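In: Pasting the sequence and the predicted model now:
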Amino acid sequence: MEEECGIAAAAFSENASTSLYYSLYSLQHRGQESAGIATYSNQIQITKGMGLVPEAFDREDIDRLEGNKGIGHVRYSTSGKSKIENSQPLVVRYSEGNLALAHNGHIVNSEPLREELEQDGHVFTTGNDSEIIAHLFVKYLIDTLDIFESIKKASKDLIGSYSIVMLVEDKLIAVRDPKGIKPLCIGKTENGYMVVSESIAIDTLGGELIRDVKPGEIVEIKQDELNSRKIQETNEHSHCFFEHIYFARTDSFMDNRLNYDCRLNVGKKLGEKYPVEDADLVSPVPDSGITFAIGYAEETGTRYLESLMKNRYVGRTFIMPGQDMRENAVRLKLNGVKSNVEGKKIVLVDDSIVRGITSTRIIKMLKEMGAEEIHFRVGSPPIIAPCYFGIDMATRKELIAPNKTEEQIGNEINADSLKYIKIDEMLDAMDAGRQEFCLGCLNTNYPYNIPSEE
C-alpha cells in the first residue's frame, strides 16, 4: 500500500495557484506529510514541500507559479518513504514535452509494470506507483500522440484504484478508474471549472458542485467547458465505503451522498439494533465518532454528552506513519471530562476499530476517571483484512478483528460490551447495495484479484 491522498485541479480565468492552495488546505485531512502544486504558463512550473500545506509553501512559492491551469496534491505515505522525492505532483519529461501528474490510490500490479517499463528504457526517480502511471501514460502518448487514447490503453494495464489529475503541457485532464474506488468530483466557480477529491474543496472557493467524475471517465477541464470520454463502459462500481465512514470530511458530498447523512443514519441503526439499557449518556470518540453518536442518541433518546475532549493540534492517529508515533499521539490527543464520566454508564461511539490501540487506551482512561461501565458501539463492521487500494489498514497481524468474536474483541479492549454494525445494516442505513461499494477489508471480496491474497 502506498498512500491516501487528496488531489485538486483548476482551469480558471485568473492565476490558479492561490485557489489550488486553498483547495489543498481544505483537503488537508487526506494527507499531512507533503504538498505540491504545478501550473502551466508556456511551461510546467512546480513547487513542493514537506509538512502541512501552510508549512510546505510560503507566499513567494505561490506567487511565482504562473498560469490559469494547475494541479495540486497532499500526500500521506504508508510504506513509501516520507521524503520530498516522493511528493507530488510528479513531472515526467519525454520527447514531445512534459507531463505533471497527481494521484490518489494504489496500483496493485505496480511492480511488474515498473519492470516492464524499465526494460523499455524508462528511468524512475521515486519509489511510488504514481510515477509508474505517469510513465505508462507517456509510453502510450508517444505511440498515439493522443492523450485520450493513451489513457484508454494505459487503463487496460492498470489494476487498482486511481483518481488522477494531470497537466500534459497545456491540457488539463482528470481520470477516475473504471470501478470508481477513489472519489473525484467536478465543480464550477465564477472563475472556471475544477476537479477535486472532495466537494468541500469546491465549497471553500465559493463554487458549486456539478457532479462526480463517473467511474471510467476521462475529463478535459477548460475554463469554460468540460470535454468527457469514457475509458470503458461498466456498471460494476466499487466505491470505497471507508471514505463515507471515516476518511472524507463529514460535510462532503460523494457519489451522490452527503457523508453527514451516511454517518447519522448508521448511528441511528446502531441505536435501533444495539441499544444499552439505562445508559446515562452517549458520547463520541471525537471527532470522527460525533455524527454516529448524534444518530445513536436521536434513535434511543439517550442524553448526548461529551466525555472526551480532543487536542486539535494533534493530527489523526490512524494516518500517522509508524506505530510509536500513533501510540504517542493517542496520549496527546484525548482527555476525559471527569464530571461527565465519574459514576456513569456510558455508550461510547466510534467510526471504526482498526488496531484497537486507541480504543483500549480511551476505555482505560475513562475507567481510571471513574466511569462505571463503557459500552462500545462501532459504525464500521469488523475490519478483517488489509486494504490494497490506498488506505493504510495495516496487516492482518496488526488488525484486531481477524479470527476473533465480538466478545473476544470487547474483552481485549476492556469494554463492558461491544457491538459492531453488520455489513447489511450499514448498507441499509446508507441506502446502498453490496455491488456499489468495495467491502474487501470487511469480507475479502475485492473488486480485483489480489495476488498476495491468493
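Out: Yep, that arrived.
In: quick one, strands of the stretch 101-250 of the chain?
Out: For the stretch 101-250 of the chain, applying DSSP state E, counting those that start in this stretch gives strands covering 160-168, 171-176, 185-189, 192-196, 208-212, 217-221, 226-230, 239-240.
In: hmm, which helix or strand of the protein has the shakiest average pLDDT?
Out: Here the helix or strand of the chain ranked lowest by mean pLDDT, DSSP states H and E is helix 323-333, holding a mean of 61.
In: Going by neighbour count, which residues in the next helix or strand after that one are buried?
Out: Using DSSP states H and E, the helix or strand that follows helix 323-333 in sequence is strand 334-336. For strand 334-336, burial by neighbour count (16 or more other C-beta atoms under 10 Å) applies to 334, 336. Bear in mind the C-beta positions are built from the backbone N, C-alpha and C, glycine included.
In: same check, this time on stretch 12-28
Out: Buried residues in stretch 12-28 (16+ other C-beta under 10 Å): 12, 15-21, 23-28.
In: Contacts for it next, please.
Out: With contact meaning C-beta atoms under 8 Å, 6 or more residues apart in numbering, stretch 12-28 is reached by 6-8, 10, 35, 37, 39, 52-54, 57, 62-63, 65-74, 189, 191-192, 194, 196-198, 200-201, 203-205, 223.
In: Would you map out the domains in this structure?
Out: For the chain, automatic domain parsing gives the domain ranges 6-237, 259-431.
In: okay if I get those domains as TSV plus distance to residue 448?
Out: Shown next, in TSV, are those (distance: least, C-beta to C-beta, whole Å):
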stretch	distance to residue 448
domain 6-237	5
domain 259-431	8
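In: quick one, which of the ones you listed is nearest to residue 252?
Out: The stretch from those with the least distance to residue 252 (C-beta to C-beta) is domain 6-237; that distance is 4.2 Å.
In: State the mean pLDDT of the closest one.
Out: Domain 6-237 carries an average pLDDT of 92.
In: quick thing: my sequence starts at 814, can you match it?
Out: In the new count, where the first residue is 814, that last one comes out as domain 819-1050.
In: That one: how far from the chain's middle?
Out: Centroid displacement of domain 819-1050 relative to its chain, using C-alpha atoms, centre = their mean, to the nearest Å, is 15 Å.
In: for it, how far is the first residue from the last?
Out: Its start and end residues considered, domain 819-1050 measures 21 Å (C-alpha to C-alpha, to the nearest Å).
In: Point me to the helix or strand that includes residue 850.
Out: Secondary structure assigned from DSSP H and E places residue 850 in strand 847-853.
In: no no, residue 831
Out: With DSSP H and E as criterion, residue 831 is part of helix 830-839.
In: do the same with residue 874
Out: Mapping residue 874 onto the secondary structure by DSSP H and E places it in helix 872-876.
In: list the helices and strands that helix packs on?
Out: helix 830-839, strand 857-863 (3 or more C-beta pairs under 8 Å, 6 or more residues apart in numbering; DSSP states H and E).
In: Out of the ones you listed, which gets nearest to residue 1244?
Out: helix 830-839 (26.5 Å).
In: Sketch out the low-pLDDT regions of the stretch 1064-1213 of the chain for me.
Out: Residue ranges of the stretch 1064-1213 of the chain with pLDDT under 70: 1127-1144, 1206-1207.
In: Could you pull out the strands in it for me?
Out: Going by DSSP E, counting those that start in this stretch, the stretch 1064-1213 of the chain shows strands at 1066-1067, 1070-1071, 1094-1097, 1121-1123, 1147-1149, 1158-1163, 1186-1191.
In: for residue 822, which residues make a bridge with it?
Out: residue 884, residue 1008 (DSSP bridges).
In: Enumerate every residue touching it.
Out: Contacts of residue 822 (C-beta under 8 Å, 6+ apart): 883, 884, 885, 915, 978, 985, 987, 1007, 1008, 1009, 1034.
In: cool, residue 1018 as well?
Out: Neighbours of residue 1018 in contact, by C-beta under 8 Å, 6+ apart: 832, 835, 836, 1000, 1002, 1007.
In: What's opposite the fourth one in the beta bridge?
Out: For residue 1000, the beta-bridge partners are residue 1007, residue 1022 (DSSP bridges).
In: Wait, it touches residue 1010, no?
Out: No: with contact defined as C-beta atoms under 8 Å, residue 1000 and residue 1010 do not form a contacting pair (11.4 Å).
In: okay, those two: which has more neighbours?
Out: residue 1010 (31 against 21; other C-beta atoms under 10 Å).
In: Quick check: chain neighbours aside, which residue is closest to the more buried one?
Out: In this structure, residue 1010 finds its nearest non-sequential neighbour in residue 819, 4.5 Å apart by C-beta to C-beta, 6 or more residues apart in numbering.
In: likewise residue 1116?
Out: residue 1094 (4.9 Å).
In: so the one you found bridges to which residues?
Out: Per DSSP bridges, the residues bridged to residue 1094 are residue 1159.
In: rewinding a little: which strands and helices sit next to the strand holding residue 850?
Out: helix 830-839, strand 857-863, helix 866-869, strand 882-888, strand 910-920, strand 973-981.
In: in its sheet, what does that strand sit against?
Out: Short version: by DSSP bridges, strand 847-853 pairs with strand 857-863 (antiparallel), strand 882-888 (antiparallel).
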